[in-house]
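Student: just to be clear, the model below is a prediction. Sequence and coordinates:
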Amino acid sequence: MVREDLKLAVTRIHKLEGDGATKAFCDMSVMDSLVINGLRVVEGKDGLFVSMPREAGKDGKWYNTVIPLSRDIKDEIEKVVLEAYGG
């Protein structure tokens, strides 16, 4: 799935087996110029959602490494990823 104005496209998706909350990892290209690695498809209490890539800090807390600056962009990323996932 590609969004034409931003050219959002899932370039790789790896679905996970089992009962864990994380259902898949994926990478996404933006405008054929930037790749975001490590997006996650997660099963939450209200259904599937997309979690941004994150890494552990020295304090043991997790911090997002990619932060969408608007709700519209986050929603578009989620829509494209979930369509690629098939959910």
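Tutor: Received, thanks. What you see is a predicted model; the values in this text were computed from it and never measured.
Student: alpha carbons only for contacts and neighbour counts from here, please
Tutor: OK.
Student: now the strands for the chain?
Tutor: Counting by DSSP state E, the chain forms strands over residues 2-3, 8-15, 22-30, 34-44, 47-51, 54-56, 62-64, given from the N-terminal end onward.
Student: how far off centre is the third one?
Tutor: Its chain's C-alpha centre and that of strand 22-30 lie 5 Å apart, by CA atoms, centre = their mean, to the nearest Å.
Student: what's the answer for the fourth one, then?
Tutor: The chain centroid and the centroid of strand 34-44 are separated by 3 Å under CA atoms, centre = their mean.
Student: now do the buried residues in it.
Tutor: For strand 34-44, the buried set under the neighbour-count rule, 16 or more other CA atoms under 10 Å, comprises Ile36, Asn37, Gly38, Leu39, Arg40, Val41, Val42, Glu43.
Student: and the contacts of that strand?
Tutor: Where contact means CA atoms under 8 Å, 6 or more residues apart in numbering, the residues beyond strand 34-44 that reach it are 21-30, 48-54, 66, 81-82, 85.
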